[in-house]
Structures are given as C-alpha cells and as structure tokens.
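> Model the following, please.
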Amino acid sequence: MPEVEVKKGEPIDRALKRLKSKMESEGIMEEMRRLRAFETPTQKTKRKARSNAKRNKNKFRFTLRTAATPAATEEG
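Predicted coordinates for the structure are as follows:
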C-alpha cells in the first residue's frame, strides 16, 4: 500500500495528488475500477486482448526504434 507523508506546511490537496499518482502507477486505481462491477468472461477476454495488443504495439515500436539507430545500421 503506497504511503505519502504530508510535509509541514504542504497543502492537503497536493499530498492527495501525490498519493493518487502513486496508486495509479502501482495499478491500484485500475484494479479498483475493474472490480467495481462484475466482468463477464467476454469482457475479460476483450480487456486482455486490448492489453496484449497495446503491449505488442509498444514492443514493435521499440524494436523499430532500436533497429533504426546509426549504431545498429553501421557498416564497416
């Protein structure tokens, strides 16, 4: 569970914003949204397919970027 220490003189809304960003980065907010309502097996399959497609798209973009660098295409 993420923790945030409120610094002396720091506004509460800023501390809440830091807490929310920590929870978002750890995936807690996404899990809460997902568990809020029942998810049918079809919805679960579609969600996982979208997640895998996004992950594969990022991998593909990264491999293209590293292959296009001058060090990778250097002849000699």
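
> mind checking the SS state of residue 4?
coil (DSSP: H, G, I helix; E, B strand; the rest coil).

> which one is it nearest to, not counting chain neighbours?
Distance criterion Cβ to Cβ, 6 or more residues apart in numbering; nearest residue to residue 4, sequence neighbours excluded, is residue 19 at 4.4 Å. Backbone N, C-alpha and C define where each C-beta goes, glycine included.

> my read: that neighbour touches residue 6, true?
No - Residue 19 is beyond contact range of residue 6, at 9.6 Å (criterion: Cβ atoms under 8 Å).

> what about residue 16, how many neighbours?
12 (other Cβ atoms under 10 Å).

> and what of the one 3 residues further on?
When neighbours are defined as other Cβ under 10 Å, residue 19 has 14 of them.

> got it, and residue 27?
What residue 27 shows, counting by other Cβ under 10 Å, is a neighbour count of 10.

> Over to the one 10 residues further on?
Taking other Cβ under 10 Å as the criterion, the count of residues near residue 37 is 7.

> How about the contacts made by it?
By Cβ atoms under 8 Å, 6 or more residues apart in numbering, no residues touch residue 37.
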